[in-house]
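Participant: Next one to model:
(2 chains)
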Amino acid sequence: MAAEESYPEELKYHAEHDWARIDGDTATFGITWYAQNSLGEVVFFEPPDVGATVSKDEVYAEVESVKAVSDVYAPLSGEVVEVNDAAGESPEVLNEDPYGDGWLAKVKISDPSEVDDLMDAATYKDSL
Amino acid sequence: MPVQYEGVGQEHLAVRSGCGVFDVSHMGEVETSGPGAAELLQRLLSNDVSKIDEGGAQYSVLCRDDGGVLDDLFTYRLSDERFLTVTNASNHERDLEWFRDHAGDFDCKVEDKLADWAMLAVQGPEARGIVEGLASGELPKRFRTAAIEVAGSGCLVCGTGYTGEDGVEVLCPPDHAQALWDALTDAGATPAGLGARDTLRMEVCFHLYGNDLSEDRNPIEAGLGWCCKEDTGFIGSEPIANARASGTHEKLAPFVLPERGIPRQGNPIVDVDGETVGAVTSGTHSPSLGFGIGMAYVRSDLTEPGTALEVDVRGKHRAARIESRPLYDPAKND
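Facilitator: Residues are numbered from 1 along each chain as shown, chains lettered A, B, ... in the order given. As a prediction, the model looks like this:
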């Protein structure tokens, strides 16, 4: 089942429809409700490698629906410390729970000041 | 026709397990009639038109002089001297012109019927039952056609489709299309869009013009030699006979990515040494099989089912295996 449209207040948002949940010096990344809804049923996601370096505003993964491939942009820079292998096995979880079980990667943030460039939920919602 | 109504995957599975309805009114129609109609079509179409009896249907390709494919089409024989040929929307004008350019030597009339017919494809194991419940008479069998009333209006019902499932395609006057659509969906047919139409046809390895067929490819390399009867002398028959006799450098081959990845049109096919040996013309995630599938023109010596190759999916090499047609067999899964 697809999730209801929502943009949780506690998350930070990137204009390419990605979110970050910041917890100390670590951030969890995922794609927003809007992104998964635009894609349709997600049928493929390959997690990045643990240990890989990701850079803010750059592509670190791809998600695919039956009809399209979509790049996933890193909202912040850092090193990948954990990836959601379960989402690789069952990519439909990106549709079902984009802010929960559908998370994609956890990153050790290298530049905390980048957080200031991200949008809060209300600003992101207005941008849609 | 939208890409999807509720979702490609669920529409796809509705067709495989029950019944889906597609609005394919964008398809074109050309009517050829008169004492010389059969003769003209025999000259233009690759298959043996004399084998279509009244109420029959036949698949063929339309070729240039050099054997390049202009379109792939179904032709229905409505009566002894009246034929209806269904064209691909993007090729309709060119097909029509081609028909007219060659009609001069034959005692027949070529008419553009695009605006006269809407077309709904009703497909799936439950499709015939649903249409039967709305029809005034018995439905035509596979590859047959019959003029009967469906949902209260005169239609041309054809036992054809593009999904590999049983079902019919219903041609009706455009002003009846909405009522027919409503009657079919009320009776349980699931609205299905272009996305599901594409994934369904790929699972059963049906060609899509513009992807798997083009003017640069002849029907032999496309795997459509079965619908080419060169002894009829159709336009393009000579180079096609030569291609059949000498073989082609590449062939269209179905393949799967059983492990990871989704192939897409244009992705290179790579052999075990990393050499490019072909290119994907159609690719998707198969909702029925749960992995990536596609078709590609590949160097002919590498097209045996079971051959291990790789697809370069945006820089990542994914393990691929050549398979035989179809990639999914509805008859074995009902």
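Participant: Any residues of chain A in contact with chain B? List them.
Facilitator: Proximity of chain A to chain B (Cβ under 8 Å from any Cβ of the partner chain) is limited to residues A:Gly40, A:Glu41, A:Val43, A:Phe44, A:Glu46, A:Glu62, A:Glu64, A:Ser65, A:Val66, A:Lys67, A:Val69. To be clear about C-beta, it is placed using only N, CA and C from the backbone, and glycine gets the same treatment.
Participant: Got a ChimeraX select line for the buried ones in the residues you listed?
Facilitator: Selection of the buried residues among these in ChimeraX, burial being defined by 16 or more other Cβ atoms under 10 Å in any protein chain shown:
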select /A:40,41,43,44,46,62,64,65,66,67
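Participant: Just the helices from the chain, written as ranges.
Facilitator: Unless you meant another one, I'm taking chain A. Across chain A, reading from the start of the chain, the helices by DSSP state H fall at A:33-39, A:85-89, A:93-96, A:121-127.
Participant: nope, chain B please
Facilitator: For chain B, the helices defined by DSSP H occupy B:8-17, B:37-44, B:92-103, B:127-132, B:177-186, B:194-203, B:237-246.
Participant: The residue positioned nearest the centre of chain A: what's it in contact with?
Facilitator: Nearest to the geometric centre of chain A sits A:Gly30, at 1.8 Å (Cα atoms, centre = their mean). If you count contacts by Cβ atoms under 8 Å, 6 or more residues apart in numbering or on different chains, A:Gly30 has them with A:Asp18, A:Trp19, A:Arg21, A:Leu94, A:Pro98, A:Tyr99, A:Gly102, A:Trp103, A:Leu104.
Participant: B:Tyr5 contacts B:Ala14, correct?
Facilitator: No: shown here, B:Tyr5 and B:Ala14 do not form a contact pair, counting by Cβ atoms under 8 Å, at 10.0 Å.
Participant: any common contacting residues for the two?
Facilitator: The contact sets of B:Tyr5 and B:Ala14 overlap at B:Thr190, B:Ala192 (Cβ under 8 Å, 6+ apart).
Participant: between those two, who's got more neighbours?
Facilitator: A count of neighbours by other Cβ atoms under 10 Å in any protein chain shown puts B:Ala14 above the other of B:Tyr5 and B:Ala14, at 22 against 15.
Participant: if I look at the more buried one, how far off is chain A?
Facilitator: Distance from B:Ala14 to chain A, counting by Cβ to the nearest Cβ, to the nearest Å: 14 Å.
Participant: beta partners of the nearest residue to that residue once chain neighbours are set aside?
Facilitator: Leaving out its chain neighbours, the residue that sits closest to B:Ala14 by Cβ to Cβ, 6 or more residues apart in numbering or on different chains is B:Thr190, at 3.8 Å. In this entry, B:Thr190 is beta-bridged to B:Gly20, by DSSP bridges.
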